[in-house]
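A.B. asks: Provided below for reference: sequence and predicted model.
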Amino acid sequence: MTLGEKIQKLRKQNGFSQEALAEKVTVTRQTISKWELNQSTPDLDFIAQLSNIFNVSSDYLIKDELVEPDELQFKKRTYKLSEKFKTNIFIIISIIVLISNCICVICDYFTSKNLSWSFIVIISTIAVWLLIIPLLIAKTKIILKTLIIISVIPIPFLSILALLLKKIIILKLGTCISLVSILSIWIIYVLFCKYNKHLWRTAGLTLLIFIPLSIIITHLVAYFIPQKQFDFTSNIFNSLITFSLSLVCFCFDYLSCFKKKEVSKK
C-alpha cells in the first residue's frame, strides 16, 4: 500500500473530507489530493502532523509494506470530542443560558419592581454564548469562524451596554479599544497561518505586536479619561521586557532552523 493510499484510507476512516484534512495540516485541498494520488509526497513535518491526526506511527505512513495500523504500535492516543458530544454540550449550555437569564429577569423584577441589571446579565451571557457557537458547532475553520464572531460582537454589545448604563464613554472608549484589539488578533492569526512551522518566530512577532497595542490602549484611556493618572514609565518598562522576550523567541527560532539545516546536511 502506497503512502497516498494510506492517507486516503485513514482520512476516510476518520471521517475527514479533503478540505477538513487540509485545514488541519494547513495545506490546500489540492495538496491533499496530490498526496493521495501519489503525485507528490509530504515532507517529514507533514508526515508527523498526519501521524498525530490519524493516531498512527510515522513508520506506518512511510513504509510501503501492506500493514494495517492495528498491527502497529499506536502513538499515545489523544482523545477528541465527538461531533455528537459537542452538539449535546452546546444544547446543554444553551438551556443553562436560557434558564439563568429567566431567573435573572424574575429576581430583578421582584427585588426592584422593574428590570435594570438583568438586561446587562442577559446581553453578557448571549455574547459568551455566541462565542462558543463555532467551538462546538463548526466542523471546519473553527478558529477563523471564532475570530469572525469575536470581530462582530464587541460593538453591538458595547452599544447596548452604553444605552443601558447611559454612559456614552463606554461605547466610545470600548469601540476604539475593541477595533485596535481585533486588528491585532487578526494580524496574529495571519502570522500563525504563515509561520505555522516556526512557532518561536510567530511567538516573537506576536510579542512585538503587544508592544504598540498596550501603548495605544494606554493613550486611548488617557484621552477619554483625562482625570485618570497613568504611569507611562511603567508602560515603557513593560515594553522593554516584552521586546526582550521577543528577542529570546527569535534566538530559539534561529537555533531551531540551524539544527534543521545541520540535520539535513548529514
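C.D. replies: Alright, I've got the coordinates.

A.B. asks: which of the residues in the helix or strand bottoming out on mean pLDDT in the chain are buried?
C.D. replies: The helix or strand of the chain with the poorest confidence is helix 58-62; it has a mean of 81 (mean pLDDT, DSSP states H and E). Of all the residues in helix 58-62, those buried under the rule 16 or more other Cβ atoms under 10 Å are Y60, L61. All C-beta atoms are positioned from the backbone trio N, CA, C, and that covers glycine.

A.B. asks: other SSEs contacting the helix or strand following it?
C.D. replies: Next along the chain after helix 58-62, taking DSSP states H and E as the criterion, comes helix 83-112. Using 3 or more Cβ pairs under 8 Å, 6 or more residues apart in numbering; DSSP states H and E, the elements in contact with helix 83-112 are helix 117-137.

A.B. asks: contacts for the helix it packs on?
C.D. replies: 86-87, 89-90, 93-94, 97, 100-101, 104-105, 107-109, 142, 145-146, 148-150, 153, 157, 160-161, 164-165 (Cβ atoms under 8 Å, 6 or more residues apart in numbering).

A.B. asks: what about burial for those, which qualify?
C.D. replies: By 16+ other Cβ under 10 Å, those give 86, 90, 93, 97, 101, 104, 108, 146, 149-150, 153, 157, 160-161 as buried.

A.B. asks: what's the most distant pair in the residues you listed?
C.D. replies: K86 and D108 (32.4 Å; Cβ to Cβ).

A.B. asks: In CSV: the buried ones among the contacts of helix 117-137, plus pLDDT and distance to L130.
C.D. replies: Converted to CSV, these look like this (pLDDT from 0 to 100; distance: Cβ to Cβ, whole Å):
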residue, pLDDT, distance to L130
K86, 78, 16
F90, 85, 12
I93, 89, 11
V97, 89, 10
N101, 88, 14
C104, 88, 18
D108, 83, 22
T146, 89, 10
I149, 91, 6
I150, 92, 9
I153, 92, 6
F157, 92, 9
I160, 91, 13
L161, 89, 15
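
A.B. asks: Put together a markdown table for these, with distance to I185 on each row.
C.D. replies: Formatted as a markdown table, the buried ones among the contacts of helix 117-137 follow (distance: Cβ to Cβ, whole Å):
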| residue | distance to I185 |
| --- | --- |
| K86 | 24 |
| F90 | 23 |
| I93 | 23 |
| V97 | 24 |
| N101 | 28 |
| C104 | 30 |
| D108 | 34 |
| T146 | 10 |
| I149 | 12 |
| I150 | 7 |
| I153 | 13 |
| F157 | 16 |
| I160 | 22 |
| L161 | 21 |
